[in-house]
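A.B. asks: could you look at this predicted model? Sequence included:
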Amino acid sequence: MKQKRKKVLCIDSDSSFLHQQEEVLNSKELDKYFFPFNDFREALHFIEKQIIAKNKNLHYILLDEKISGAKLPSTLEKISELKSFLKKPEVIVCTNNNTEKLRNQVMQFPVVSAFLEKPIPKNYIEFLITGSSV
């Protein structure tokens, strides 16, 4: 039985990472499950208008520690406020700055399910979507 595809929203300041992911997923016809953003405000607009307003599911939010348009704690607070409307997505914070202080700060938010050090494995987002390793 084929596992249901999951939807991943990724907010990352590294546009080359997002572009690389789009190319890989497009080649495997998985791009419709991936929503890449460089800016938190744009991602928030998408969440409100395309996910919440249309009662859609969003399974994972990958959040770069250094995102455009907001600071990490306020971003996590905003996502926390929306979580009841979002049908419980897992929020994964990704960082180049893996310090205990940052990890503790991030993990105090109940919406955060994981704290990942960059670079993220090349096929990680594909794994989140398909549920199987490549």
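C.D. replies: All right, it came through fine. Everything quoted here is computed from the prediction, not taken from an experiment.

A.B. asks: where does the prediction get shaky in the protein?
C.D. replies: In the predicted model, the chain carries pLDDT under 70 at residues 1-2, 133-134.

A.B. asks: biggest helix in it by residues?
C.D. replies: Using DSSP state H, we find that the single longest helix of the chain is helix 15-27.

A.B. asks: which other helices and strands contact that helix?
C.D. replies: In terms of contacts (3 or more Cβ pairs under 8 Å, 6 or more residues apart in numbering; DSSP states H and E), helix 15-27 is packed against strand 34-37, helix 124-130. In this view, the C-beta of every residue, glycine as well, is placed from N, C-alpha and C.

A.B. asks: dump these to JSON lines, plus distance to Thr75.
C.D. replies: JSON lines is the format used below for the helices and strands packed on helix 15-27 (distance: least, Cβ to Cβ, whole Å):
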{"stretch": "strand 34-37", "distance to Thr75": "12"}
{"stretch": "helix 124-130", "distance to Thr75": "19"}
